[in-house]
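Novice: 3D model of this:
(one chain, ligands or ions: 1)
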Amino acid sequence: MDAFLIQGNGPLRGRLRVNGSKNAALPQMAAVLLTDDPVTLRGLPDLADLRSMVALLDELGCIREDEPSAPGAFGPILTLRAEPGGDPHARYDIVRTMRAGICVLGPLVARRGVARVAMPGGCAIGDRPVDLHLRGLEALGAVITLEEGDIVARAPKGGLRGATLFLGGASGPTVLGTANVMCAATLARGTTIIESAACEPEIVDLARMLNAMGAKVRGAGSPRITVEGVERLGGVEHEVMPDRIEAGTFMVAAAITRGEIELENCPLDCLMAATEQLRLSGVEVESDAEGDGWRSTCQVRMARRPKPMQVTTHPHPGFPTDLQAQFMALACVADGNSIITERIFAERFMHVPELGRMGARLSRQGPTVVATGIERLRGAPVMASDLRASAGLVLAGLAAEGETLVRRVYHLDRGYERLEERLAPLGARIKRVEEVK
Ligand code: UD1
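Specialist: Next comes the predicted model:
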């Protein structure tokens, strides 16, 4: 297993290009199942989760048609074509390593009339139920059963039919659930209205891709999405949007090391809650006003200790739960007491005790953590437990005094492509080492 060895040092300075978005790419790859024509995605990062999705799609009868630059190479361009009538079974072996495997459920049942997808199970940040996905598909007429740990969805005779449905749950809308129902509705008979749809930018990007395939989706990015079903969808070439969470992580890297980073290909318009919070903490975030807000160039600069912050995670356009751990690392060195509340995944606090090992003064009560800022964290061996928690620990290590060993970086590798190689040119002293057990 790999680990990162980090020597905390001075400010990070330089330029970084934000990669394509993992969370946008996953449902877009699954949408390949909606057509028999080839689908090309551009701007994909080389990440373990995307490779797992390719492996899953391969099992479901999708053929890779691009010519990789080297055997086994992945990204940035991928062309897939779904063979008609392939196996509709997404097995547990793959779905358990990548929860987003659930994204194939909607496309499969819509196109093949039946889908069998292993129930994803729990993960480090909690139970992560899929009841809303199922409720949405049932509203379109699918009959859902649980068979040997697999969710089996069968379309009624004549196929799925449009419906008006409410997709909100106790914690608000569901991102991948919205993706699933939206994809399924593109091929349903009649009109579907999804109320309390997720407004995340990744849903907007998915709708753009589906519309380019011939779908009729309106309102993506708002809580009410309308989908008029069509007979068939065709192929498409689509450029995946940049990764807003990666961009936000780099912004915190500049802030926590009191450095200056220029970000290219930055989806600033999709990061307003996070940039507002950074500005309130004293971080300068500037951009070229002329550019496309989904692909801007921006400068992030910090010269002093951050002011304390109050962060509460919410569905988009609120503060993203996927940046909570990174902002907590920043709060650890703020000049005062910060309050961080998690409203999406109640158990998403695995980084709290690990940051504590680095000297952070954190106290948790239920969904809220109070961080009493200290001047400097101290390096320590810490263990990553989920993707974003790992990112928080790496950021803490960059700003800490002394050496930090972040163990189990395979979690981090699921969402950040070769992070150490990208941060090193900015002055970070970070290297990948083999973990000694
Ligand atoms: C996606 C993102 C993940 C992000 C999350 C919230 C991908 C691949 N992953 O995950 O990085 O942290 O959105 O922004 O895009 N819920 C239910 N029932 C359901 C589905 C969800 O109760 O059927 C609950 C969840 O437990 C959670 C909340 O709804 O409390 C939001 O989860 P959801 O938006 O579905 O997360 P994902 O789409 O799985």
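
Novice: from here on, contacts and neighbour counts on C-alpha atoms
Specialist: OK.

Novice: assign a three-state SS to the spatially most central residue of the chain, would you?
Specialist: Centroid check for the chain by C-alpha atoms, centre = their mean gives residue 23 as the closest residue, at 3.7 Å. When classified by DSSP: H, G, I helix; E, B strand; the rest coil, residue 23 comes out as helix.

Novice: need the nearest residue in space to it, chain neighbours excluded.
Specialist: In this structure, residue 23 finds its nearest non-sequential neighbour in residue 202, 6.8 Å apart by C-alpha to C-alpha, 6 or more residues apart in numbering.

Novice: would you check that the one you found makes contact with residue 22?
Specialist: No - in this structure residue 202 lies outside contact range of residue 22 using C-alpha atoms under 8 Å: 9.4 Å.

Novice: next helix or strand past the helix or strand hosting the residue nearest to residue 23?
Specialist: Here residue 202 sits within helix 201-212, counting by DSSP states H and E. Per DSSP H and E, the first helix or strand lying C-terminal to helix 201-212 is strand 216-218.

Novice: assign the residue lying closest to residue 182 once chain neighbours are set aside to helix, strand or coil.
Specialist: Distances taken as C-alpha to C-alpha, 6+ apart put residue 227 closest to residue 182, at 7.1 Å, once the chain neighbours are dropped. Here residue 227 is recorded as strand under three-state DSSP.

Novice: thinking again about what came up before, surely the residue nearest to the centre of the chain touches residue 203?
Specialist: No - under the criterion of C-alpha under 8 Å, residue 23 makes no contact with residue 203, lying 9.6 Å away.

Novice: and the gap between the residue of the chain most remote from its centre and the ligand?
Specialist: Here the chain reaches farthest from its C-alpha mean at residue 157, the gap being 35.4 Å by C-alpha atoms, centre = their mean. Remark: distance between residue 157 and the ligand (C-alpha to the nearest ligand atom, to the nearest Å) = 25 Å.

Novice: for residue 333, see how far away that residue is.
Specialist: For residue 157, the distance to residue 333 (C-alpha to C-alpha, to the nearest Å) stands at 60 Å.

Novice: quick one: check the helix holding residue 202 for contact with the ligand.
Specialist: No - using C-alpha under 6 Å from any ligand atom, helix 201-212 stays clear of the ligand, coming no nearer than 7.5 Å.

Novice: with only the CA atoms kept, save that helix in CSV.
Specialist: Once non-C-alpha atoms are left out, helix 201-212 reads as follows in CSV (Å, rounded to 0.1, in the frame of the first residue of the first chain):
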residue,chain,number,x,y,z
PRO,A,201,-23.3,21.2,-11.7
GLU,A,202,-22.6,17.6,-12.5
ILE,A,203,-26.3,17.1,-13.2
VAL,A,204,-26.2,20.1,-15.6
ASP,A,205,-23.3,18.7,-17.4
LEU,A,206,-25.0,15.3,-17.7
ALA,A,207,-28.2,17.0,-19.1
ARG,A,208,-26.0,18.8,-21.7
MET,A,209,-24.6,15.5,-22.8
LEU,A,210,-28.0,13.8,-22.9
ASN,A,211,-29.4,16.6,-24.9
ALA,A,212,-26.5,16.4,-27.4
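
Novice: other SSEs contacting it?
Specialist: helix 22-30, helix 175-186, strand 216-218, strand 236-239 (3 or more C-alpha pairs under 8 Å, 6 or more residues apart in numbering; DSSP states H and E).
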